[in-house]
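Asker: pasting the sequence and the predicted model now:
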Amino acid sequence: MRSLTKFAATLLLLASPAFGAEQSPASLYGPLFAAVQTQHIFADGKTFADAVAKRDPAAILADYAREKPEGPALKAFVLANFVVRGENDRGDIRAHVRGLWPQLTRPPLAAQPGSSALPLPRPYVVPGGRFQEIYYWDSYFTMLGLKADGQQQLIEDMIDDFTALIERYGHIPNGTRTYYLSRSQPPYYALMLDLSTNRDPAVAARRLKALRTEYDFWMRGRDCVAGTGACQRVVRMPDGSLLNRYYDDKDTPRDESYAEDVAVAARAPDRPAAEVYRDLRAGAESGWDFSSRWLRDPRSLATIHTTDIVPIDLNSLIWAMERRIATRCEAARDAACTRDFTALAARRKGAIDRYLWQASQARYADWDLSNRAPTPVISAATLQPLFVGLASPAQADAVARTTQAKLLATGGLRTTTLRTGQQWDEPNGWAPLQWIAIEGLASTGHEPLARQIAQRWVDTVTTAYSDTGKMLEKYNVDERTPGGGGEYPVQDGFGWTNGVTSAILARWPIEHLGSTGAN
């Protein structure tokens with residue numbers, strides 16, 4: 001009798017759902033299988049039946065029950081959790097990125113008569129697509145991937161290129177074209193230096209001199225700001241403290257977007273065209289070209305007024321620059337410089353806390369000089385103070401709550417909460433903003449939220465890679481599809497997406513990230 005009982009128990013075990021090796025996909029995955037097949041996620045019903053799970057089926061089902069994805073979100077969920085023949089069997093994404101670096105690397109460039117390209121003394125990496133020159137803030141995030149892939153010499157080469165640009169022009173231009181010389185981009189040179197392993201004192205001295213030269217570029221307007229309240233890239237706040245804004249030394253249509261700028265100015269007949277052009281150019285200097293952050297009317301680019309805005313991300317980066325100059329001056333035993341820049345950083349932090357920190361809204365905001373008030377736009381820029389180490393623990397906790405409630409999307413971090421058709425607004429997500437959030441949150445005690453953003457972003461990038469075989473400039477993080485909007489089609493390549501995705505996976509391999517659920 002005991003033998004019969006044991007035999008019956010064995011049969012029950014073999015038939016039970018826990019014994020997954022003997023179950024058909026329909027039985028093993030139940031409601032998930034039914035949803036995939038009845039919603040015709042794949043044209044051939046055999047496709048999902050032959051898929052191979054990337055992790056424990058029970059964990060996949062638990063996440064499916066919690067998320068309940070449908071349509072494109074369901075396909076994204078399946079591709080994130082299964083190897084699907086013909087869909088995501090293009091190979092390892094890290095290996096793909098490693099293969100892209102040689103394709104995106106360019107040799108030193110000499111001056112060429114009749115060309116708009118600026119010369120560079122060392123090799124460098126371009127973003128890809130229509131962007132075949134080096135770009136300033138893109139390059140920091142590209143370097144993160146080069147670091148993850150052991151390309152230290154190429155990082156040093158690019159830092160040398162940027163140092164040479166500062167020495168030649170007094171600042172790092174938006175990109176290495178003559179038509180970019182009148183503006184810069186978010187100043188990441190100081191943070192690039194953190195990625196260097198070069199300890200040569202002569203190199204350190206040269207780079208510190210370049211860093212101080214770049215700082216002078218951003219602060220050039222401090223001598224003329226008293227009379228107007230804003231001069232070049234410097235603004236005077238109501239209490240007399242100095243902060244910064246984006247600007248451009250020219251007030252004409254951009255060479256690379258000439259017709260588009262003329263058309264925008266024509267839609268603003270009540271404004272001087274030169275004013276519109278300056279604000280468009282300043283928006284390009286911000287890197288967020290374009291976004292509701294810079295618009296009076298979120299639906300109209302003709303209402304752009306970038307030069308009225310005191311941005312939280314820019315001022316966080318200049319604070320980080322001041323802190324690093326102080327640290328490097330201390331290493332160089334320059335006591336006066338150390339003292340001066342320590343004081344400058346302290347004063348900037350005080351002004352940021354007074355004007356840009358909005359405790360009642362649990363966020364950092366941009367400040368509108370024309371209204372003498374914070375702007376209402378909630379954006380991913382609120383995380384920049386966490387990234388550079390400016391935020392207090394209480395401020396970081398508040399920003400984390402706002403990020404979770406307002407900016408976390410199914411496929412990563414939203415850029416803003418407004419759908420305007422501009423590419424730096426919802427539903428687009430961008431690689432640099434993901435990294436700023438991930439690092440900022442993880443470094444301030446919010447690693448679970450950082451991992452959520454990382455997982456969702458990696459899922460989005462890998463899903464698009466599975467569908468297209470490409471790494472893209474931007475993504476729709478609401479639907480996990482290629483991004484849209486802006487003045488040109490979505491580009492592939494793509495430097496900073498390669499860099500950030502590689503850096504995330506070097507920090508948290510995909511099998512350790514796990515699925516974290518949808519918003």
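Answerer: Now that the structure is in, tell me what you want to look at. Numbers count the residues shown, from 1 in each chain.
Asker: hey, let's count contacts and neighbours off CA atoms from now on
Answerer: OK.
Asker: pLDDT weak spots in the stretch 51-200 of the chain?
Answerer: Counting by pLDDT under 70, the stretch 51-200 of the chain shows low-confidence ranges at 86-91.
Asker: so where do the strands sit in it?
Answerer: 52-53, 82-83, 105-106, 124-125 (DSSP state E, counting those that start in this stretch).
Asker: for those, give me JSON lines that also has distance to Glu67 and mean neighbour count.
Answerer: Below are those laid out as JSON lines (distance: least, CA to CA, whole Å; neighbours: other CA atoms under 10 Å):
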{"stretch": "strand 52-53", "distance to Glu67": "18", "mean neighbour count": "14"}
{"stretch": "strand 82-83", "distance to Glu67": "16", "mean neighbour count": "18"}
{"stretch": "strand 105-106", "distance to Glu67": "41", "mean neighbour count": "16"}
{"stretch": "strand 124-125", "distance to Glu67": "39", "mean neighbour count": "25"}
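Asker: could you dump the ones you listed into CSV and include distance to Gly99?
Answerer: Formatted as CSV, those follow (distance: least, CA to CA, whole Å):
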stretch, distance to Gly99
strand 52-53, 26
strand 82-83, 22
strand 105-106, 11
strand 124-125, 13
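Asker: ok, which of those comes nearest Ala268?
Answerer: Closest to Ala268 of the strands of the stretch 51-200 of the chain is strand 124-125 (CA to CA; 38.3 Å).
Asker: give me the sheet partners of the closest one and which way each runs.
Answerer: strand 105-106 (antiparallel) (DSSP bridges).
Asker: what's the strand it pairs with in contact with?
Answerer: When contacts are defined by CA atoms under 8 Å, 6 or more residues apart in numbering, strand 105-106 is touched by residues 123-126.
Asker: just the pLDDT for Leu4.
Answerer: Leu4 carries a pLDDT score of 40 in this model.
Asker: same thing with Lys46?
Answerer: 84.
Asker: could you check how far it is from His40?
Answerer: Computed as CA to CA, to the nearest Å, the Lys46 to His40 distance reads 11 Å.
Asker: comparing the two, which residue is more hemmed in?
Answerer: Using other CA atoms under 10 Å as the criterion, Lys46 and His40 rank with His40 on top: 13 against 10.
Asker: what about the more buried one, which SS state?
Answerer: coil (DSSP: H, G, I helix; E, B strand; the rest coil).
Asker: wait, isn't Met321 in contact with Thr213?
Answerer: No: using CA atoms under 8 Å, Met321 makes no contact with Thr213, being 11.4 Å away.
Asker: which one of these two has more residues nearby?
Answerer: Taking other CA under 10 Å, Met321 and Thr213 do not tie; Met321 has more neighbours (24 against 17).
Asker: in three-state terms, label that one for me.
Answerer: helix.
Asker: can you tell me which residue sits nearest the middle of the protein?
Answerer: What sits nearest the mean C-alpha location of the chain, by CA atoms, centre = their mean, is Pro432, with 1.6 Å.
Asker: could you say which helix or strand holds that one?
Answerer: For Pro432, the enclosing helix or strand under DSSP states H and E is helix 431-443.
Asker: now that helix: buried residues?
Answerer: 431-443 (16 or more other CA atoms under 10 Å).
Asker: okay, the helix or strand following it in CSV with CA atoms only?
Answerer: Sequence-wise, the next helix or strand downstream of helix 431-443 (DSSP H and E) is helix 447-468. What follows is helix 447-468, C-alpha atoms only, in CSV (Å, rounded to 0.1, in the frame of the first residue of the first chain):
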residue,chain,number,x,y,z
GLU,A,447,19.2,52.4,-4.6
PRO,A,448,15.9,50.5,-5.1
LEU,A,449,14.4,53.4,-7.1
ALA,A,450,17.7,53.7,-9.0
ARG,A,451,17.5,50.1,-9.9
GLN,A,452,13.9,50.5,-11.0
ILE,A,453,15.0,53.2,-13.5
ALA,A,454,18.0,51.2,-14.6
GLN,A,455,16.0,48.1,-15.2
ARG,A,456,13.2,49.8,-17.1
TRP,A,457,15.7,51.8,-19.2
VAL,A,458,17.7,48.6,-20.1
ASP,A,459,14.5,46.8,-21.0
THR,A,460,13.5,49.7,-23.3
VAL,A,461,16.9,49.8,-25.0
THR,A,462,17.2,46.0,-25.4
THR,A,463,13.6,45.8,-26.7
ALA,A,464,14.4,48.5,-29.4
TYR,A,465,17.7,46.8,-30.2
SER,A,466,15.8,43.5,-30.6
ASP,A,467,13.3,45.1,-32.9
THR,A,468,15.7,47.3,-35.0
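Asker: now the angle from helix 447-468 to helix 431-443?
Answerer: 150 degrees (axes from the mean of the first three to the mean of the last three CA atoms, to 10 degrees).
Asker: wait, doesn't Ala51 sit right on Asn81?
Answerer: No: in this structure Ala51 lies outside contact range of Asn81 using CA under 8 Å: 9.6 Å.
Asker: of those two, who's got more company?
Answerer: When Ala51 and Asn81 are compared for neighbours, Asn81 comes out ahead with 21 against 16, by other CA under 10 Å.
Asker: what does the helix holding Pro432 rub up against?
Answerer: Applying CA under 8 Å, 6+ apart, the contact partners of helix 431-443 are 138, 141, 380-381, 383-389, 396, 400, 412-413, 415, 447-451, 453-454, 457, 473-474, 496-497, 500-501, 504.
Asker: so which of those belong to helices?
Answerer: In helices, defined here by DSSP state H, the members of these are 138, 141, 384-388, 396, 400, 447-451, 453-454, 457, 496-497, 500-501, 504.
Asker: of these, buried ones?
Answerer: If we count by 16+ other CA under 10 Å, the ones in helices among the contacts of helix 431-443 have these buried: 138, 141, 384-388, 396, 400, 449-451, 453-454, 457, 496-497, 500-501, 504.
Asker: quick one: residues contacting Ala332.
Answerer: Neighbouring residues of Ala332 by CA under 8 Å, 6+ apart: Ala205.
Asker: look up phi and psi at it.
Answerer: phi -90, psi 0 (degrees, to the nearest 10).
Asker: ok, it to Ala345 distance?
Answerer: Look at Ala332 and Ala345: by CA to CA, they are 19 Å apart.
Asker: what about the residue nearest to Tyr179 when sequence neighbours are not counted, how many neighbours?
Answerer: Of all residues not flanking Tyr179 in the chain, Asp255 sits nearest, at 6.2 Å (CA to CA, 6 or more residues apart in numbering). For Asp255, the neighbour count with other CA under 10 Å is 11.
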